[in-house]
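Asker: whatever this is, show me its structure:
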Amino acid sequence: MRKRLIFNCFSMNVVSHIYHGLWRHPDSTQMHFDNLETWIELTTLLEKGKFDALFLADVIGIDPAYKGSWDTYVKEGLQIPCNDSGALCAALIGVTKNLGLTFTSSIMSEHPFSFARRISTLDHLSNGRIGWNIVTSVSHNAAQNFGFNEIVPHDERYRWADEYMEVVYKLWEGSWDEGAVLGDKVNGVYADVDKIHRIYHEGERYRVLGPHLCSPSSQRTPVLYQAGSSPVGQSFAARNAEGTFILYPTIEGARKGIAQTRAVAVAQGRHADDLKFIQGFSFVVGSTEEEAWRKSAEIDEGVSYDGLAAHISRDLSIDLGMMDKDMPIEEAQVDGLRGFVSMFEASNPGKKARVKDLAYALSYNSRMVGTPESIADQLEAWQDAGIDGVNMICQYFPGSYRDFIEHVIPVLQERGLAQREYGPGSLREKLFPGSGGRLPDSHPAARYRGAFVRAAETSTGGTGVSWQREPAE
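Answerer: Numbers count the residues shown, from 1 in each chain. Modelled structure (predicted):
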């Protein structure tokens, strides 16, 4: 029997997430994304299929990245309107029991003190089922929505992220010692004052005194995801993430990339298995190969070229709307696309990669087509390359998830690739059995455990506090 894979439902609180245009299908309920019943139906289905988590993407801005405007995004419902993913997870806590609830939040969108408090609250209310997908945001409009003229340069965003993580780690892991909560009704003592500490953080962007206003939840720190693909982003993920979202187009690419990131994690003092690699896939399931490929062709007929091209234009900061879609990419003379051209032409001998091939790659690269048995075979091959799980993307909401759960999950369960029942405990305990629900000592957040002791403060006439740093024990 093989080691089981992690299965997340990858979605977004929007009309159109990735397979743009398919929200128009008569069986899709995605248009009703702002109705809680839509999400209750989905999460009920996911728990029936023993999925590990609902993993929600998010955006906080929309750039005029296609045909020189943002009109296509609005017309297609392409990630606008976009409702808050964290608020949706909060609403789903009471209608789920085992499903992890992971949402995306940018370092730009919320101060780390208030974010840490919100996460701890959600983790308490969910009995430890919260995950956080850490993003730094790449949109100029996102930056403009939060007081900047334009997006902060790439490497500077990651320095910002490093400090943000330092603040939340200090709050989650260091501000309250183990055993601080007493709940002593007899003596009237709820918590031990000697085990609760200010954090005295002073950095380039943040000055946070503390203490954390929430007592520790069962996980303390939520399960951490990150999807950086640049060298700086990969290094950040190797230091901080427990799960990294990957989208390799080939098995060999995954094998090489996963090995490289694991090596970076080990070089930074972590264990190779501290980091789970979750590959994005969509699935088209048929009772025969012919039926599966027929259904795949129907998807191609329904997807919107403009929607796919606008999505890619935003992600690559290259306006494909200004190019003839049948033009060979090499004629566009755009830096950064040579890798795609080489990969496409190696896979399609005699064909030149065109602009439209780049757009359609969003739909094709992650799509797995076949019978339940052949899909299981393909997942085994990807597991052998090093993936630990799947972030499942849907074409039809929620029908694609229903097809996979009803037809593929039983085959995967027979092979040991999917769990039959949920394990006990928090989300982290389910994903990392034996962890006790806490980050391991090899994680950088662990350095803040026991790092603070109580120290005197001096008041400045009631108008402020002159901070005195607490010494390390």
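Asker: for stretch 289-299, buried residues please.
Answerer: Neighbour-count burial for stretch 289-299 flags 292, 296, 299 (criterion: 16 or more other Cβ atoms under 10 Å). Using the backbone N, CA and C atoms, a C-beta is placed for each residue, glycine as well.
Asker: what's the one helix or strand residue 358 maps to in contact with?
Answerer: Using DSSP states H and E, residue 358 sits within helix 355-364. Outside of helix 355-364, the residues within contact range by Cβ atoms under 8 Å, 6 or more residues apart in numbering are 18-19, 249, 299-300, 303, 305, 308-309, 311-312, 320, 323-327, 329, 332, 337, 340, 344.
Asker: cutoff 6 Å now
Answerer: Residues outside helix 355-364 that contact it (Cβ atoms under 6 Å, 6 or more residues apart in numbering) are 303, 308-309, 311-312, 320, 323, 325, 327, 344.
Asker: would TSV of those residues with secondary structure be doable?
Answerer: Putting these into TSV (DSSP: H, G, I helix; E, B strand; the rest coil) gives the following:
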residue	secondary structure
303	coil
308	helix
309	helix
311	helix
312	helix
320	helix
323	coil
325	coil
327	coil
344	helix
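Asker: need the contact list for residue 295.
Answerer: Neighbouring residues of residue 295 by Cβ under 6 Å, 6+ apart: 284, 286.
Asker: okay, and it sits in which element?
Answerer: Assigned by DSSP H and E, residue 295 belongs to helix 289-302.
Asker: which pair of the contacts of helix 355-364 spans the longest distance?
Answerer: When Cβ to Cβ is used, the two most widely separated members of the contacts of helix 355-364 are 303 and 327, lying 20.3 Å apart.
Asker: so for those two, which sits in the more crowded spot?
Answerer: More neighbours surround residue 303 than the other of residue 303 and residue 327, with 19 against 14 (other Cβ atoms under 10 Å).
Asker: so who does that one touch?
Answerer: Listed by Cβ under 6 Å, 6+ apart, the contact partners of residue 303 are 19, 21, 363.
Asker: now with 7 Å, please.
Answerer: Shown here is residue 303, whose contacts under the criterion Cβ atoms under 7 Å, 6 or more residues apart in numbering are 19-22, 363.
Asker: and those as TSV, adding secondary structure?
Answerer: Below are the contacts of residue 303 laid out as TSV (three-state DSSP):
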residue	secondary structure
19	coil
20	coil
21	coil
22	helix
363	helix
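Asker: dihedrals phi and psi, residue 106?
Answerer: Taking degrees, to the nearest 10, you get phi -80, psi 150 for the backbone angles of residue 106.
Asker: look up how far residue 90 lies from it.
Answerer: When distances are taken as Cβ to Cβ, to the nearest Å, residue 106 and residue 90 turn out to be 18 Å apart.
Asker: the more surrounded of those two?
Answerer: Between residue 106 and residue 90, counted using other Cβ under 10 Å, residue 106 has the larger neighbour count: 23 against 18.
Asker: how close does the more buried one sit to residue 136?
Answerer: Looking at residue 106 against residue 136, where the rule is Cβ to Cβ, the gap reads 7 Å.
Asker: tell me where the model's unsure across the protein.
Answerer: Low-confidence regions of the chain, defined by pLDDT under 70, span residues 335-336, 338-339, 343, 347, 454-473.
Asker: center of it - which residue?
Answerer: residue 133 (3.9 Å; Cα atoms, centre = their mean).
Asker: give me the residues contacting the helix or strand harbouring that one.
Answerer: Element membership of residue 133 [criterion: DSSP H and E] is strand 130-135. The set of residues external to strand 130-135 that reach it, using Cβ under 7 Å, 6+ apart, is 53, 55, 100-106, 119, 122-123, 161, 222-226, 240, 427.
Asker: of those residues, grab the buried ones for PyMOL.
Answerer: To isolate in PyMOL the members of these that are buried, counting by 16+ other Cβ under 10 Å, one can use:
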select buried, resi 53+55+100+101+102+103+104+105+106+119+122+123+161+222+223+224+225+226+240+427
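Asker: from the contacts of strand 130-135, which land in strands?
Answerer: Among these, the ones falling in strands (DSSP state E) are 53, 55, 100-106, 223-226.
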